[in-house]
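J.: Quick one, structure for this:
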Amino acid sequence: MGLADSPWRSRHFDLHQPTGRSPDRQRIEPTLSLVVVTLVFAVSIAVPIGVVARGRPTPFLDRAIMAFAVLGFSVPVFVIGYLLAFVFALQLDWLPVQGYNAVVGGP
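T.: Next up is the predicted model:
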């Protein structure tokens, strides 16, 4: 049994395939929009909290900001996701519960 007849022969990465297939293109826009929105959201919360914490060093404010940070790191991401989906999609009705609407083309 040579290398050409090896069972490993069929399990290889074919790097000569074109990478511009339609499923890949369909996933890029939702991924990039999610990345941009998440980055803007995180920075818009983190920078003001950091400025407030640095501007007024009081023990209560420091402990409250530290508790918020520890809670953010301790709670699993999927739990935060479920809570945010519950609040913004079901309670406030600001966002759709599921699905994706294109940013450029619209619904």
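J.: So what's the residue count around R54?
T.: R54 has 8 neighbours, counted by other CB atoms under 10 Å. Heads up, the C-betas are built off the backbone N, CA and C, glycines and all.
J.: tell me which residues of the helix or strand harbouring it are tucked away?
T.: Using DSSP states H and E, R54 sits in helix 22-55. For helix 22-55, a neighbour-count test (16 or more other CB atoms under 10 Å) marks A53 as buried.
J.: chain center to the helix or strand following it: distance?
T.: Downstream of helix 22-55, the first helix or strand assigned by DSSP H and E is helix 59-74. The chain centroid and the centroid of helix 59-74 are separated by 22 Å under CA atoms, centre = their mean, to the nearest Å.
J.: thinking again about what came up before, could you check the angle the helix holding R54 makes with helix 59-74?
T.: 160 degrees (axes from the mean of the first three to the mean of the last three CA atoms, to 10 degrees).
J.: helices or strands up against helix 22-55?
T.: helix 59-74 (3 or more CB pairs under 8 Å, 6 or more residues apart in numbering; DSSP states H and E).
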